[in-house]
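Novice: Provide a 3D model corresponding to the input given below.
(2 chains)
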There are 2 protein chains.
Amino acid sequence: MEYLKLKNVDITGGFWADKQKLNREVTAGVVYDRFSETGRFDSLDCLWKEGDDKHIKPHFFWDSDVAKWIEGVSYLHSKSPEAELLEKANKAIDSIIANQWSDGYINSYYTVTETQDRFKKRNRHELYCIGHLIESAIAYTEASGDRSFLDAVERCMELVEKIFIKEGSAPFKTPGHPEIELALVRLYRYTGKKKYLDAAEFFISKRGEDELPSANEYPIKKYGQDHLPTRKQTTAEGHSVRAAYLYTAMADLAFELGDKELGESCKAIFEDIVNRKMYITGGIGSSFLGETFTVPYDLPNEHAYAETCASIGMIYFCSRMLRLEHKSIYSDIIERELYNGALSGLSLDGDKFFYENPLEINLKKRSRNVCSIQQERFPITQRVKVFGCSCCPPNLVRLIASVGEYTYAVEDKTVWVEQFMDSRAEQNGIKICQETNYPNESTVRITAEGTEKLCIRIPSWCDSFEASVPYTVENGYAVIENPSSVEINLNIKPVLISANVEVCDNVGKAAIQYGPFVYCIESVDNVENLHSLYIDKDVEWESEFKPEFNASVLKLKGWRKISDNKLYSKYTEDLEPYTVTAIPYHAFANRGECDMAVWIKVK
Amino acid sequence: MEYLKLKNVDITGGFWADKQKLNREVTAGVVYDRFSETGRFDSLDCLWKEGDDKHIKPHFFWDSDVAKWIEGVSYLHSKSPEAELLEKANKAIDSIIANQWSDGYINSYYTVTETQDRFKKRNRHELYCIGHLIESAIAYTEASGDRSFLDAVERCMELVEKIFIKEGSAPFKTPGHPEIELALVRLYRYTGKKKYLDAAEFFISKRGEDELPSANEYPIKKYGQDHLPTRKQTTAEGHSVRAAYLYTAMADLAFELGDKELGESCKAIFEDIVNRKMYITGGIGSSFLGETFTVPYDLPNEHAYAETCASIGMIYFCSRMLRLEHKSIYSDIIERELYNGALSGLSLDGDKFFYENPLEINLKKRSRNVCSIQQERFPITQRVKVFGCSCCPPNLVRLIASVGEYTYAVEDKTVWVEQFMDSRAEQNGIKICQETNYPNESTVRITAEGTEKLCIRIPSWCDSFEASVPYTVENGYAVIENPSSVEINLNIKPVLISANVEVCDNVGKAAIQYGPFVYCIESVDNVENLHSLYIDKDVEWESEFKPEFNASVLKLKGWRKISDNKLYSKYTEDLEPYTVTAIPYHAFANRGECDMAVWIKVK
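Specialist: Reported below is the predicted structural model:
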């Protein structure tokens, strides 16, 4: 199967149309401005010199920031012309091309400093940046019809092939940070040139062979997924963004080569993530130490790392897994990431970002560092405009601009509705349309032309799926033969979710799932001490639509633990009735700094 | 009132007689051996020179380690001759005296290095060491009748008075680490020389006036209780051991001078500790960052610092508060520390020690540091033989040897039974005797001679106090006029204790108090995942005496949360009946490394 191409899918209304409008009108410009202020665009001109204080010295990963932004702008422009943003992208691309080395090399850092050391240090992200340039150039060529950027990037790839594959003259075999692997499969698909698939296969197969400087220990090897050859890997390990990008490429390659062994690795890793290492928000990578996956069921709420880019990476991984085996779980996880762990990276006004996405904020605990210069570390509580390592903001720009890509899949005359979005799509004689205000309404009207079979994902959170026509169920999809028009009802209502008992912080607690949204509680709507609240296990609820969230607020029957001023006293339950107010998780931290919790005590 | 003097009180049987036997036969010798191996005794000879590898360079606080050990040995010897240990103490004292400077200065570190820098650096613990030498010398003189050690220490104090009080020639006014203040009050009481009380008053009154190098910020001043003049302090702040020693001296001075303002400060600080900043075990100082008190209700279980020395310091503070106002709460807290937060510092076999006393161990969380050289910090899980900064072991030796000191108070013909211990005491015509196997039995038979009034503490955990003779209640004591013999029954049974709702980790949980013991659960007796356990709020229990703990194990009706292999599923309670086994908290970590918890879910 293939996804219906982004250019053929239009999000026409509802939740994601609003997010795309915000992305187009605010976020894309804000990311440009912040990157411009911090020198990321000017540094592409490669004018900085040692001792120079007129120009800003680039960082070795800045090319990737710009590339992701250009990729996002290209998606925007492909749907509706964006003259101003495209002009800025063109200028950046011109600078990149103008400063390409005669042998094809591109990296603004190594062009102005340490020029003798290019391709010498494995963790210096040169191949990672080239990977992002490849993805960016493909998107730009698609959107603009101008392939000069792609030509430059292909010349760069000739150098990479020479150094890494033909000569093996670099002191390492595989990139410290994966990305080029998935970009190469994409480049192969776009150009049809098999050498790019071969290069992807090379980098994926050689992984695990590099000796790490001063660190042969197993734990450190895990950090960069270097602990085993990729085909022997069965668990999610190490830096979560590196991991997700690598697994994406592994699944891509397993599909393109029909490589069963690699496919089994991908499936095992996916199972390990979703059954042992993923937050209910879809967040992955639970430790800030190394930004890594840790051990099964280690999912602390307050110290969650759950990087925005890791959730986006998980979307990429799942989208590739869907091609390997067409099961609804992959689109379920994509939905979980889209509405929760990825989207929480963006403020409601579209101009501020989270890098980390904790599942709990407790401001009192943050005030405990009273007597020491050394501070206990906590994730930040409010989104900011830009980071020193600002990978997440442009990743959100390109994700949101391309969210239509995950909506429909097609194979021959069969169409799958993977995501519910008010949309129209047309490709090769197939027409499909959804009319819906999902997830703020439970009903979706779907019309299809030119299809013999329509498969509609039954979300895993939905235990009452209804359709206006007869259907069978296959791999998690409602299958309708010879469809023309169908109305489905997902009967969205709040459901309490338990975590596995091994997730020690969550025993006796539940998370609230309301359609695709995971909910959270914030002090601004409740009492200051969120630990004192309980919700009723039998869920008595009311909802009220709030335009500022483009979603509903839930009012849930519950209780509040009260106590006198004593520090310790004889145990009593001492609960008084309390109505708990919950909002969608992705919308937390938009109304000032306050406590927040996803997991709530249940009685 | 006064406590009955240690020399007049004999613990004759039961729990503390056993602990004292262990201290005498094992702990005192073990601390000597470890200190000897690490060079703490040899370094008193002051033979180390720069570049010397035959001798060990002393640390500037080592004198205090030795002093506390000598103090403990003196208490042991005062109750029953200890030829071998005393011989070792004598040798150490000879070295200290032989290396005293001609002007009286004592400190083995500054005698062999940085000799020009003595009394130059406020945090170098010289006055702290001298304080411990004073306490040690008083105990030694009492026990041996030989006052040469005390003479040397008094000569040292002449130098301290000259430098700090008469000349003010040191670059600081008050010690970085309090201790000398309480030692000086003790020296005043022992010698009757008012100059020592004046010196204590000087150091206590000048606190808050020192400028700290490179740190005028409020938080750092709090670390050393330098944020305010002592009489303006009303909250417990900073390094918890420094704080407890300072507060002890403040209460001492408030009593000796009848200083109401200082007394009010002490009361406010005491209230702040016991109502907002103390673990149920009596542990104080909840952060390892600076080993400090933090903010009210910040009492994390797993990351508790709760230093053994801080619990011991809290015993000193409470014992002085009891003289300021005779209320049972002070002896209640002393009991809490003795049976829990202080005693947990010692292994059941008497030869290993905890510095930190966490209220929860979760081994899985400790395995999460998988991919980074930087490690998340946790307290150690098993007691060790010695620490680099090994203040706690000798502090336990002197505490346990002198525990009889906290048993009885006296004023004229009134006697207070502050602690329940099988014991006999005789002083100035008053005879008092307790026959009991408390806390392993609920009954205590008390006989008294030469008293007009007997006041027996009604423990705060006891809600069913019975006595064989009529009594009234005053300040938490059962008051019996013209007593001769009385049997009391404390009706010990497990009681569940709630923490204030502001202690966020403990909401919905209870701690088990069984007489003076706080209990805990360990994986070795239960399931591996202690977070899955619940106990019945109505407490159905059985107890079984276990000689290895010299206490009872409790079997409590409860439940265990079970779940399938899924990471997330629809909320269900899924509890199966389970009998939870609990042991006294102080006995945790004596049967191999495993999970532990004091606070347990209640249903």
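
Novice: how about stretch A:384-401: buried residues?
Specialist: By neighbour count on 16 or more other C-beta atoms under 10 Å in any protein chain shown, the buried set for stretch A:384-401 is A:386-387, A:390-401. All C-beta atoms are positioned from the backbone trio N, CA, C, and that covers glycine.

Novice: repeat for stretch A:50-70
Specialist: By 16+ other C-beta under 10 Å, the buried positions in stretch A:50-70 come out as A:56-70.

Novice: tell me the contacts of A:Leu468?
Specialist: No Leu there; residue A:468 is Ser. A:486-488 (C-beta atoms under 8 Å, 6 or more residues apart in numbering or on different chains).

Novice: again, 10 Å this time
Specialist: A:443, A:445-446, A:480, A:485-489 (C-beta atoms under 10 Å, 6 or more residues apart in numbering or on different chains).

Novice: give the next helix or strand downstream of the least confident helix or strand in chain A by mean pLDDT.
Specialist: In chain A, the helix or strand scored least confidently by mean pLDDT, DSSP states H and E is helix A:218-223, which has a mean of 75. Of the helices and strands lying after helix A:218-223 in sequence (DSSP states H and E), the nearest is helix A:240-257.

Novice: please save the CA atoms from that next one in CSV.
Specialist: Taking C-alpha atoms only, helix A:240-257 is exported to CSV below (Å, rounded to 0.1, in the frame of the first residue of the first chain):
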residue,chain,number,x,y,z
SER,A,240,14.9,8.4,21.6
VAL,A,241,15.0,10.7,18.6
ARG,A,242,18.1,8.9,17.1
ALA,A,243,16.2,5.7,17.8
ALA,A,244,13.0,6.7,16.2
TYR,A,245,14.7,8.0,13.0
LEU,A,246,16.8,4.8,12.8
TYR,A,247,13.8,2.5,13.3
THR,A,248,11.9,4.5,10.6
ALA,A,249,14.7,3.9,8.1
MET,A,250,14.9,0.2,9.2
ALA,A,251,11.2,-0.2,8.5
ASP,A,252,11.6,1.6,5.2
LEU,A,253,14.4,-0.6,4.1
ALA,A,254,12.6,-3.8,5.3
PHE,A,255,9.7,-2.8,3.1
GLU,A,256,11.8,-1.9,0.0
LEU,A,257,14.1,-5.0,0.2
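
Novice: sorry, back to before: pull the most distant pair out of the buried residues of stretch A:50-70.
Specialist: Within those, A:Lys57 and A:Ile70 form the most distant pair, 21.6 Å apart (C-beta to C-beta).

Novice: which strand or helix spans the residue lying closest to A:Glu2 once chain neighbours are set aside?
Specialist: Among residues not flanking A:Glu2 along the chain, A:Val410 sits closest, at 6.0 Å (C-beta to C-beta, 6 or more residues apart in numbering or on different chains). Assigned by DSSP H and E, A:Val410 falls within strand A:408-411.

Novice: can you tell me which residues contact A:Tyr355?
Specialist: A:288, A:291, A:305-309, A:345, A:379-380, A:383-384, A:387-393.

Novice: before we move on, what about A:Asp595?
Specialist: With C-beta under 10 Å, 6+ apart, A:Asp595 has these contacts: A:360-365, A:381, A:521-524, A:526-531, B:504.

Novice: model confidence for it, exactly?
Specialist: For A:Asp595, the model assigns a pLDDT of 98.

Novice: can you tell me the closest non-neighbouring residue to it?
Specialist: A:Ser523 (4.2 Å).

Novice: and A:Tyr190, how far from A:Tyr140?
Specialist: Counting by C-beta to C-beta, to the nearest Å, the gap from A:Tyr190 to A:Tyr140 is 12 Å.

Novice: more neighbours, the two?
Specialist: Remark: of A:Tyr190 and A:Tyr140, A:Tyr140 carries more neighbours, 29 against 17, as counted by other C-beta atoms under 10 Å in any protein chain shown.

Novice: residues in contact with that one?
Specialist: Contacts of A:Tyr140 (C-beta under 10 Å, 6+ apart): A:67, A:70-71, A:73-75, A:77-78, A:86, A:89-90, A:93, A:133, A:146-150, A:153.

Novice: looks to me like it is in a strand.
Specialist: No: A:Tyr140: not assigned to a strand; according to DSSP: H, G, I helix; E, B strand; the rest coil it is helix.

Novice: give me the number of residues near A:Ala597?
Specialist: Using other C-beta under 10 Å, A:Ala597 has 26 neighbouring residues.

Novice: list the contacts of it.
Specialist: A:301-302, A:358-362, A:509, A:511, A:520-523, A:526, A:530-531, A:533, A:582, A:588, B:504.

Novice: try it again at 8 Å.
Specialist: A:301, A:359-361, A:520-521, A:530-531.

Novice: looking at these, spot the one nearest chain B.
Specialist: Nearest to chain B, judged by C-beta to the nearest C-beta, of the contacts of A:Ala597 is A:His531 at 3.9 Å.

Novice: residue contacts, the closest residue to chain B within the stretch 1-150 of chain A?
Specialist: Across the stretch 1-150 of chain A, no residue is closer to chain B than A:Asn123, which sits at 13.8 Å (C-beta to the nearest C-beta). Shown in contact with A:Asn123 (C-beta under 8 Å, 6+ apart): A:176-177, A:224.

Novice: again, 6 Å this time
Specialist: A:Gly176 (C-beta atoms under 6 Å, 6 or more residues apart in numbering or on different chains).

Novice: residue closest to the middle of chain A?
Specialist: For chain A, A:Ile312 is the residue whose C-alpha lies nearest the centre (C-alpha atoms, centre = their mean; 1.1 Å).

Novice: beyond the helix or strand harbouring that one, next helix or strand please.
Specialist: If you go by DSSP H and E, A:Ile312 is part of helix A:308-324. Once helix A:308-324 ends, the next helix or strand along the chain (criterion: DSSP H and E) is helix A:328-336.

Novice: who in chain A is up against chain B?
Specialist: Within chain A, the positions lying close to chain B (C-beta under 6 Å from any C-beta of the partner chain) are A:219, A:222-223, A:238, A:275, A:280, A:287, A:289-290, A:292, A:294-295, A:298, A:367-368, A:370-372, A:374, A:496-498, A:500-501, A:504, A:507-508, A:510, A:531-532, A:561, A:563, A:567-569, A:571, A:601.

Novice: in strands, which of these fall?
Specialist: Secondary structure from DSSP state E places A:496-498, A:510, A:561, A:568-569, A:601 of the residues of chain A next to chain B in strands.

Novice: in TSV, list these along with neighbour count, distance to A:Glu37 and pLDDT.
Specialist: Converted to TSV, these look like this (neighbours: other C-beta atoms under 10 Å in any protein chain shown; distance: C-beta to C-beta, whole Å; pLDDT from 0 to 100):
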residue	neighbour count	distance to A:Glu37	pLDDT
A:Leu496	20	45	98
A:Ile497	20	42	97
A:Ser498	26	46	97
A:Ala510	23	43	98
A:Lys561	22	47	96
A:Tyr568	23	53	97
A:Ser569	14	55	96
A:Lys601	21	45	98
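
Novice: sorry, back to before: can you select the buried ones from the contacts of A:Asp595 in PyMOL?
Specialist: This is how PyMOL selects the buried members of these, with burial counted by 16+ other C-beta under 10 Å:
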select buried, (chain A and resi 360+361+362+364+365+381+521+522+523+524+526+527+529+530+531) or (chain B and resi 504)
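
Novice: quick one: which of the contacts of A:Asp595 sit in strands?
Specialist: A:360-361, A:521-522.

Novice: give me the subset of the buried residues of stretch A:50-70 lying in helices.
Specialist: A:62-70 (DSSP state H).
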